[in-house]
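[1] this one's structure only:
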């Protein structure tokens, strides 16, 4: 008896909560229930849960998107082929029912419904689909097994022949590959021969049998190293007919496509386009296409392989010989194919070998499966998929990060539950680009940056990551985004969406910024410190070496007496006061820094008139009082024109100029450095400790 | 008041509901739940606002629920209203029917309310 073992999931799409509750109550004992209150939500649920959903109970009349809308989407994405839908509605009009069946529903239950009927129909439908899935899996296995068995037997048989022929064992393999490659090329070129993909697979397999008739040829003729006598050649030529007869006499396989193709191939693979081949002297397309192709493959491989009587020819030589008619005339279309797929042939032959072989078998089975629409993934792979989903959602629920999955077709965004809560968005969102709340989280620039980055990845390296701001519940926060683009397996690969996560790095980023700030600023005055000023100045000088810059070193007069008279606290207040004045005395691009102690530095750019620029600065910085303390400043000034365009010279020269003021005993003066009256470089106004940029102790 | 008496008070068919839902527990559960369903409020709002599609959907939902619960009187009036609204009619006839639905709903709500109080207390 059929029994439902694992709990199946049922999706109920109905706008009335009451209706959903009634249905859920009827079924909830045996099934897991997922609910959606309109069509769009229903589609989003299907998108999210995929084949985990065993059945959909669907209402017709709903807001946003009605039941027919859901069915249309399910057809568009072909979910309807795998997920049965039972429609439940109070609509009784036959046109409604008819339309619903046309859109692929399995059953229609009209309202008011009966608990037992709903239950029974749901169970029946699920069992039916489960049975179909199992049958599908069985058929797939059988096809695969049959193909395997065929290939195995043919391999053994044809290797027997080859072994007897004293060939390398590669001939059969090569003919197989060549036949397949040439047939594919021919199929691309013309549909004249009505060959399907399945035919290609069977003909290629049958090609291995082309020489089985050689079993009947005496070994001394078969392996004669020299040229055949006419009598010997006549015997040799019988192998094609003998092979065909062997196949013809197989008692019960005459209807097998493999056997009938093999018959054609055996009998006619030595026929030629101009009718000068054997045994029947057929010409043109009287020769079946299977035999024409194998004939060419056979000749090509014989030419390019080493034989006792000849060295191997190159691909080019072989093609020339075939085109030149040295091995008889061939179908001109096939000559084109041979020339066109030269590269492909080389690659395929080089890549050949067991692995390649089994891969090809698998490809053939896959193609076969693909051809039969009703054959879908086996239950085993669905189980595996299910397991992966479970694993994924378990781990996703543990991490505190926003995880997302985006698919282009249908355009849908799926979030983990933590992310959904964090962003205040539903877990599954159809058409997120139409969703203002979703768009408000990630601004236009970041959106296009992310999209560009993902689109320009490759299947080989699909991961992008960067930092950006996301607006979450109205607050802008820094996030680190890591995303992996999904590329389809086809050639060329198509971008199909991405998966990824966003981690909140706001706090650590702010911390970093504040650490950077701490490292670059003087804690007392809030001005930048000497080391940071030096870095910035060097950058400016390198940026525009031709600019006119000046460096000013300032020293607060009478500072020592302020400290002595009013105490260090007061001294600190004076320094802050002066720093504040300096901040307001300079223009945007200029730099004001504390060198250390009561020494400060200003770096400024001027146009032509250095004097008036300096006069301005001096006027704004010096003079007046702080509480009872008169603010008086001495300055040394060096310009890039006089001192040169590097930081060290500027600093040294400004320092020397200040030294001159200090040693004149004057207070509240400033002095320019001039090359001609430069003094000894060893003299310095800045005390050795200050010059190291150390801060004065409190 | 028993559940059966409640059905009698709201002009419903108790036997039919039992036949469908198969257990008194379920019938009682959904009878009590009926007043939480927002469809009636939605119907009133959209009738007032003249929003025909929304009013149609709301009436349609009420009709479906009543059918399942076998609330015969409200089922009858809401079905008629549904058909008028489906045809796009928001005129006098629809307004008149709407008044009847309102009355039937009030009666139903009253019965359930009374039943709830007794069941709860």
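    Great, that's in hand. Remember, it's a predicted structure, so these values are computed and weren't measured experimentally. Residues are numbered from 1 along each chain as shown, chains lettered A, B, ... in the order given.

[2] ok, now how distant is the residue of the stretch 201-350 of chain A found nearest chain B from residue A:337?
    When scored by C-beta to the nearest C-beta, the stretch 201-350 of chain A has residue A:201 as its residue closest to chain B, at 53.5 Å. In short, each C-beta sits where N, CA and C put it, glycine included. Look at residue A:201 and residue A:337: by C-beta to C-beta, to the nearest Å, they are 18 Å apart.

[3] now residue B:108
    79 Å.

[4] cool, and residue A:248?
    Distance from residue A:248 to residue A:337, by C-beta to C-beta: 30 Å.

[5] so between the two, which is more surrounded?
    With neighbours defined as other C-beta atoms under 10 Å in any protein chain shown, residue A:248 and residue A:337 compare such that residue A:337 has more, 24 against 13.

[6] so what's the residue of the stretch 301-450 of chain A found nearest chain B up against?
    Per C-beta to the nearest C-beta, residue A:426 is where the stretch 301-450 of chain A lies closest to chain B, at 19.5 Å. Residues near residue A:426 by C-beta atoms under 8 Å, 6 or more residues apart in numbering or on different chains: A:41, A:44, A:415, A:420.

[7] the third one contacts residue A:402, correct?
    Which is residue A:415. Yes: assessed by C-beta atoms under 8 Å, residue A:415 is found in contact with residue A:402 at 6.7 Å.

[8] joint contacts of the two?
    With contacts taken as C-beta under 8 Å, 6+ apart, residue A:415 and residue A:402 have residue A:423 as neighbours in common.

[9] what's near enough to touch residue B:102?
    Contacts of residue B:102 (C-beta under 8 Å, 6+ apart): residue B:44.

[10] just the buried positions in stretch A:409-416, please.
    Of the residues in stretch A:409-416, A:412-416 count as buried by neighbour count, 16 or more other C-beta atoms under 10 Å in any protein chain shown.

[11] export the residues you listed as JSON lines, with columns for distance to chain B, pLDDT and secondary structure.
    JSON lines is the format used below for those (distance: C-beta to the nearest C-beta, whole Å; pLDDT from 0 to 100; DSSP: H, G, I helix; E, B strand; the rest coil):
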{"residue": "A:412", "distance to chain B": "25", "pLDDT": "83", "secondary structure": "strand"}
{"residue": "A:413", "distance to chain B": "27", "pLDDT": "86", "secondary structure": "strand"}
{"residue": "A:414", "distance to chain B": "28", "pLDDT": "84", "secondary structure": "strand"}
{"residue": "A:415", "distance to chain B": "27", "pLDDT": "85", "secondary structure": "strand"}
{"residue": "A:416", "distance to chain B": "30", "pLDDT": "82", "secondary structure": "coil"}
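
[12] so who does whichever residue of chain B sits closest to chain A touch?
    Closest to chain A within chain B is residue B:67: 3.8 Å, counting by C-beta to the nearest C-beta. Going by C-beta under 8 Å, 6+ apart, residue B:67 touches A:90, A:111-112, B:75.

[13] contacts made by the helix or strand hosting residue A:445 with the rest, please.
    Using DSSP states H and E, residue A:445 sits in helix A:444-455. Helix A:444-455 has contacts (C-beta under 8 Å, 6+ apart) with A:439, A:442, A:464, A:466, A:468-470, A:481, A:483, A:485, A:495, A:498.

[14] pull up the residues of chain A that are close to chain B.
    Contact residues, chain A versus chain B (C-beta under 8 Å from any C-beta of the partner chain): A:15-19, A:21-22, A:25, A:61-63, A:89-90, A:111-116.

[15] and the helix ranked longest in chain B, what's buried?
    The longest helix of chain B (DSSP state H) is helix B:92-120. Within helix B:92-120, the residues that count as buried by 16+ other C-beta under 10 Å are B:94, B:97-98, B:100-101, B:104-105, B:107-108, B:111-112, B:115-116.

[16] how far does it sit from its chain's centre?
    Here the centre of helix B:92-120 is set off from its chain's centre by 7 Å, with C-alpha atoms, centre = their mean, to the nearest Å.

[17] let me see the contact set for the residue lying closest to residue A:525 once chain neighbours are set aside.
    In this structure, residue A:525 finds its nearest non-sequential neighbour in residue A:579, 3.5 Å apart by C-beta to C-beta, 6 or more residues apart in numbering or on different chains. Neighbour list for residue A:579: A:524-527, A:592, A:594, A:600 [criterion: C-beta under 8 Å, 6+ apart].

[18] on that earlier part again, list the ones among the contacts of residue B:67 that fall in helices.
    Those of the contacts of residue B:67 lying in helices (DSSP H): residue B:75.

[19] direction included, what does the helix or strand following the helix holding residue A:445 pair up with?
    Moving toward the C-terminus from helix A:444-455, the next helix or strand (DSSP H and E) is strand A:463-472. Using DSSP bridges, the strands paired with strand A:463-472 in its sheet are strand A:475-487 (antiparallel).

[20] now tell me what touches the helix or strand just after the strand it pairs with from outside.
    Per DSSP H and E, strand A:475-487 leads on to strand A:495-504 as the next helix or strand towards the C-terminus. If you take C-beta under 8 Å, 6+ apart as the criterion, strand A:495-504 is touched by A:399, A:401-409, A:419, A:454-455, A:470, A:477-488.

[21] just stretch A:599-614 next, same as before
    A:527, A:530, A:533, A:536-537, A:540, A:547-556, A:578-579, A:582, A:585-587, A:589-595, A:617, A:635, A:637, A:639, A:651, A:654, A:670, A:672, A:686, A:690.

[22] buried ones in it?
    A:599-606, A:610, A:613-614.

[23] mean confidence for the helix or strand hosting residue A:534?
    Taking DSSP H and E as the definition, residue A:534 sits inside helix A:530-543. The average pLDDT for helix A:530-543 rounds to 89.

[24] sheet-wise, list the partners of the next helix or strand after that helix with their directions.
    Once helix A:530-543 ends, the next helix or strand along the chain (criterion: DSSP H and E) is strand A:549-556. Strand A:549-556 sits in its sheet next to strand A:599-605 (antiparallel), strand A:633-639 (antiparallel), going by DSSP bridges.

[25] just how off-centre is strand A:549-556 within its chain?
    So, by C-alpha atoms, centre = their mean, the centroid of strand A:549-556 is 56 Å from its chain's centroid.
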